[in-house]
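**Q** got a sequence here, can you model it:
(one chain, ligands or ions: 1)
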Amino acid sequence: MREDNVIEVRNVQKKFGQKKVVQDISFNVKKGEIFGLLGPNGAGKTTLLKMMTTLLRPDEGQITLNGFNTLSQSRQARQQFSVTNQTAAIDQDLSARDNLRLFGRLNGLSSQASRIRADELLTAFDLTQLANQALATFSGGMRRRLDLAVSLVGRPKILFLDEPTTGLDPRTRIQMWQAIQALVAQGSTVFLTTQYLEEADQFADHIALIDHGQLIASGTPNELKQKLGGLQLSLTVTELAQLSQAHAIVQDVLKQPISVSEQTLVSPLGGDALPAIIVILNQLQIAKITVSHLKLETPSLDDVFLKMTVGKN
Ligand SMILES: Nc1ncnc2c1ncn2[C@@H]1O[C@H](COP(=O)(O)OP(=O)(O)OP(=O)(O)O)[C@@H](O)[C@H]1O
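**A** Prediction:
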């Protein structure tokens with residue numbers, strides 16, 4: 001294992017019956033990273049996460065957590081991480097504070113240390129006012145916050161999160177991300193699955209995109225966007241009647257596929273972007289085509305996701 005690889009996934013495969021749900025997937029997660037696993041519904045994210053957290057056996061391949069093999073050293077491997085969505089472990093009849101203290105004790109903290117940790121987490125997750133209420137009275141969002149707080153009690157070296165922000169209101173989402181970033185700042189590594197590309201773009205250091213159980217792309221958000229050809233030109237014509245003429249000019253200069261939405265043309269720019277833009281603007285001027293909006297932009301992760309998974313599901 002390389003020193004800075006906290007998680008190594010090597011040629012992992014899983015079948016359910018005849019269906020190959022995870023097909024020969026390999027990647028590494030480095031210490032202190034937020035690593036996002038993205039993929040459409042049914043891509044195999046949860047299955048992979050279950051194998052990484054020792055809940056499911058891979059048919060082939062191996063996974064190590066801090067160097068411990070999840071099959072042959074499962075006990076040590078389990079000591080390396082915490083995982084959310086284990087709400088079953090939280091006691092409904094106890095208050096939020098008592099649950100956090102109990103988990104502190106179960107994590108080997110002294111009575112005093114678990115009281116202090118519980119209070120820290122209640123504050124971090126804005127649960128102080130509800131701290132003494134029984135969980136049965138909590139809303140879904142409050143439960144999720146407590147669930148994450150509970151998984152942070154022991155300051156895990158690795159934290160696995162399955163769709164941590166799905167269904168949360170914007171304020172709670174921000175709190176979740178702040179808590180995740182605080183944990184990473186203290187040296188932990190976070191592996192999460194998400195459907196929210198803009199969140200992955202903003203917060204993940206590294207992203208793996210899977211589809212039909214296969215790894216189809218992996219890299220930093222910027223690297224993935226570069227795979228789509230880097231910068232793209234977005235140009236809006238003032239008159240709809242001039243759209244097809246503008247389309248022909250852009251097509252002629254860039255020789256790239258152009259997508260059209262209302263009066264806007266979007267096309268990837270090649271390596272020599274600036275001269276191409278100058279030529280386009282000159283030709284538009286000669287043709288007396290007026291432009292209301294001109295923008296150079298990097299593609300979004302949405303574009304990457306759609307391009308790489310489109311038509312395959
Ligand atoms: N225990 C199981 N037995 C049979 N098939 C299963 C089992 N668990 C998952 N599958 C199938 O494996 C495929 C991948 O499922 P998985 O839950 O890993 O996907 P996912 O990427 O997490 O999807 P989602 O985003 O919808 O949660 C799906 O086709 C699912 O129906």
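**Q** nearest residue to Leu301 other than its sequence neighbours?
**A** Using CB to CB, 6 or more residues apart in numbering and skipping the chain neighbours, the partner closest in space to Leu301 is Leu197 (4.1 Å). C-beta: built from backbone N, CA, C; applies to glycine.
**Q** distance of that neighbour from the ligand?
**A** For Leu197, the distance to the ligand equals 13 Å [CB to the nearest ligand atom, to the nearest Å].
**Q** let me know the secondary structure of the residue most central in space within the chain.
**A** The centroid of the chain falls nearest to Gly36 when counting by CA atoms, centre = their mean (3.3 Å). Secondary structure state of Gly36, per DSSP: H, G, I helix; E, B strand; the rest coil, is strand.
**Q** next, the buried residues of stretch 172-181.
**A** Using 16 or more other CB atoms under 10 Å as the test for burial, stretch 172-181 gives 172-173, 175-177, 179-180.
**Q** I'd like the average pLDDT over that stretch.
**A** Here stretch 172-181 scores 83 as its mean pLDDT.
**Q** and if you look at stretch 283-298?
**A** The average pLDDT within stretch 283-298 is 93.
**Q** how about the strands in this protein?
**A** 5-16, 19-30, 34-38, 60-65, 68-69, 81-83, 158-162, 189-194, 206-211, 214-219, 232-237, 259-261, 264-268, 291-297 (DSSP state E).
**Q** now the ones you listed as TSV including distance to Lys225?
**A** TSV is the format used below for the strands of the chain (distance: least, CB to CB, whole Å):
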stretch	distance to Lys225
strand 5-16	24
strand 19-30	19
strand 34-38	13
strand 60-65	28
strand 68-69	35
strand 81-83	30
strand 158-162	24
strand 189-194	17
strand 206-211	10
strand 214-219	9
strand 232-237	10
strand 259-261	16
strand 264-268	11
strand 291-297	10
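**Q** worst mean pLDDT among those strands?
**A** Mean pLDDT per stretch puts strand 81-83 lowest among the strands of the chain, at a mean of 88.
**Q** residues touching that one, excluding its own?
**A** 53, 65, 151-152, 154, 156-162 (CB atoms under 8 Å, 6 or more residues apart in numbering).
**Q** most surrounded residue in those residues?
**A** For those, the largest neighbour count, defined by other CB atoms under 10 Å, is 28 neighbours, found at Leu65.
**Q** contacts only, for that one.
**A** By CB under 8 Å, 6+ apart, the contact set of Leu65 is 6-7, 52, 77, 80-81, 158.
**Q** now do the contacts for Glu60.
**A** 11-13, 24 are the contacts of Glu60 under CB under 8 Å, 6+ apart.
**Q** could I have the buried ones of those residues as PyMOL selection syntax?
**A** Command for PyMOL that selects the buried part of these, burial taken from 16+ other CB under 10 Å:
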select buried, resi 12+13
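**Q** of the contacts of Glu60, closest to Arg117?
**A** Val12 (34.3 Å; CB to CB).
**Q** point out where the stretch 51-200 of the chain drops to low pLDDT.
**A** Applying pLDDT under 70 to the stretch 51-200 of the chain picks out residues 85-89.
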